[in-house]
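1. build me a model:
(one chain, ligands or ions: 1)
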Amino acid sequence: MAYSRVAFLLFLISTVAIASAANNFYQDFQITWGDGRAKILNNDQLLTLSLDKASGSGFQSKNQYLFGKIDMQLKLVSGNSAGTVTAYYLSSKGGAWDEIDFEFLGNLSGQPYTLHTNVFSQGKGNREQQFHLWFDPTADFHTYSILWNPQQIVFYVDGTPIREFKNMESNGVPFPKNQPMRIYSSLWNADDWATRGGLVKTDWSKAPFTASYRNFNANACTWSSGKSSCSSSTQSNTNNAWFSEELDSSSHERLKWVQKNYMIYNYCTDIKRFPQGLPQECKMA
Ligand SMILES: *[C@@H]1O[C@H](CO)[C@@H](O)[C@H](O)[C@H]1NC(C)=O
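-> Now for the predicted structure:
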């Protein structure tokens, strides 16, 4: 009896130690919808979302963040994923909201995913840039990161910057900086528009569709009861270099490489869409 209590206590202590040392989905996130289709597995190290004909699923962070460098590894729905959308984004929600979006639009087997990005400030978006990727995002996990500091927002794929949205408030372009945001993710059916404008429908014979998440890391400022506290979720010594980080010249070269070779849509060059003139931030670039 006494022995088994000690053993149980030791078991508890070791579980807690593991939980605080490694990323832990149960600690950082909550499943918000999908009626059992979202799951936290492998000692809280893996999260999966699934979608079938009846419903998709989703989760959100427990914390709210106001600035941060946030990494997540995703492995997207494989095979025929046409019609499915995996959204992974930061949002303040509410009216006049701020939002930083990654959306992965599925495709027929062997056809490339579209990575759709957008930035909303004070409720205004219409800032889409879309990319194809230089690898198959369904074959393995890849790291998708958002750097959000007072100077800019940068989207990264495996450490390569794919998009930069600079703070151009001095030129009259609102920048997200006052509203804390949560991380959200969902897997849902969007075959009314996602693949070739809705021409390709979801093949439900391939359901359930599954996307997986692991290795979440936030070097970020969390926001709670009106106060900000900045730290890292996995490092004991705080590393706040991200707060003043800007792209150096070699990062700019890589950004240009991605934009030249993998960008398939840029709102800043869509003159037809903005007959009254391109948005202000496009003219600054
Ligand atoms: C799907 O594949 C086609 C053909 O390669 C491509 O034009 C399109 O951008 C891809 N993405 C989506 C979401 O349809």
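2. how about the contacts made by Ile153?
-> Neighbour list for Ile153: Ile100, Val119, Ile146, Leu147, Glu164, Phe165, Pro176 [criterion: Cβ atoms under 8 Å, 6 or more residues apart in numbering]. For glycine as for every other residue, the C-beta is placed from the backbone atoms N, C-alpha and C.
3. hang on, the last one packs against Ala96?
-> No - using Cβ atoms under 8 Å, Pro176 is not in contact with Ala96, being 10.7 Å away.
4. of these two, who's got more company?
-> Pro176 (25 against 12; other Cβ atoms under 10 Å).
5. mind listing what the closest residue to that one other than its chain neighbours touches?
-> Nearest non-adjacent residue to Pro176, counting by Cβ to Cβ, 6 or more residues apart in numbering: Asp98, 3.5 Å away. Applying Cβ under 8 Å, 6+ apart to Asp98 gives the contacts Ser91, Ser92, Phe120, Ser121, Gln122, Pro176, Gln179, Met181.
6. enumerate the residues of the protein near the ligand.
-> With the criterion set to Cβ under 6 Å from any ligand atom, the chain comes near the ligand through Leu105, Asn107, Gln111, Pro112, Thr114, Ala194, Thr195, Arg196.
7. returning to that earlier point: in strands, which of the contacts of Ile153 fall?
-> Taking DSSP state E, the ones among the contacts of Ile153 that sit in strands are Ile100, Val119, Ile146, Leu147, Glu164, Phe165.
8. strands of the stretch 101-250 of the chain, start to end?
-> Applying DSSP state E, counting those that start in this stretch to the stretch 101-250 of the chain gives strands spanning 114-120, 129-131, 142-149, 152-157, 160-166, 182-189, 209-224, 227-232.
9. quick one: the helices in the stretch 1-150 of the chain, in order.
-> Counting by DSSP state H, counting those that start in this stretch, the stretch 1-150 of the chain has helices at residues 2-21, 25-28.
10. worst average pLDDT in these?
-> Set side by side, those give their lowest mean pLDDT on helix 2-21, at a mean of 43.
11. low pLDDT regions in the stretch 151-285 of the chain?
-> For the stretch 151-285 of the chain, the stretches flagged by pLDDT under 70 are 231-239, 285.
12. ok, now with 90
-> Low-confidence segments of the stretch 151-285 of the chain (pLDDT under 90): 193-200, 225-226, 228-241, 284-285.
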